[in-house]
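**Student:** Here is my input; please provide its structure:
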Amino acid sequence: MNNKQELPWDNPRFRNWVAVARACHSVERALAGALAPLDLKPAQLDVLMNLYRHPGMSQHDLARRLLVGRSNITMLLPQLENRELLRRESDGKDKRVLRLSLTPAGEALLMEALKVYMDLLDKVMGQSTPAECDLLGDHMRRVAEALKVE
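**Tutor:** As a prediction, the model looks like this:
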């Protein structure tokens, strides 16, 4: 490395981005631990939340919404289906498409998991005022938009 090259350590953008990444990682670890008694992983919670909010979505749409590949969804769904938390049904118009929806057991588990999730988020976001929370959300949405791949 060239000795004249500026290193990022003291750059506020770098330093603050590392703080955001560390906070995100800490929340993910805490959430995984908090969900463990429910035998639920954060990725599975994401699936349940999305199917609750958008019942009948396709596997393809779910993968796009979660920003993962279809192979990731293909691996997650059987676990949830075997636990009778969701069901896959053929689309009436296109038999190649499977529509996903929660079962009553899936909805009940989601409601328990949301309490756990909200307790964690209240603890984390309780460090900030509502205005600061809104500002943080606005910044993160702009970051996501700047990195959006068409």
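**Student:** all contacts plus neighbour counts: C-alpha atoms, from now on.
**Tutor:** Will do.
**Student:** So, low pLDDT: which residues of the protein?
**Tutor:** Scanning the chain for pLDDT under 70 picks out 1-4, 149-150.
**Student:** Quick check, central residue of it?
**Tutor:** Asp46 (4.8 Å; Cα atoms, centre = their mean).
**Student:** Tell me the spacing between that one and Pro78.
**Tutor:** 15 Å (Cα to Cα, to the nearest Å).
**Student:** again with Ala21
**Tutor:** Ala21 is 31 Å from Pro78, by Cα to Cα.
**Student:** And for Glu89?
**Tutor:** 13 Å.
**Student:** now Met49
**Tutor:** Look at Met49 and Pro78: by Cα to Cα, they are 17 Å apart.
**Student:** Of these two, give the one with the bigger neighbour count.
**Tutor:** Met49 (19 against 15; other Cα atoms under 10 Å).
**Student:** thought that one was touching Leu110?
**Tutor:** Yes. Met49 lies in contact with Leu110 (Cα atoms under 8 Å); the separation is 7.0 Å.
**Student:** my read: Asn8 touches Trp17, true?
**Tutor:** Careful, residue 8 is Pro and not Asn. No. The criterion here is Cα under 8 Å, and Pro8 misses it with Trp17 at 11.0 Å.
**Student:** Work out the gap between stretch 28-39 and the centre of the chain.
**Tutor:** 13 Å (Cα atoms, centre = their mean, to the nearest Å).
**Student:** Go through it and flag the buried ones.
**Tutor:** For stretch 28-39, a neighbour-count test (16 or more other Cα atoms under 10 Å) marks 31-32, 34-35 as buried.
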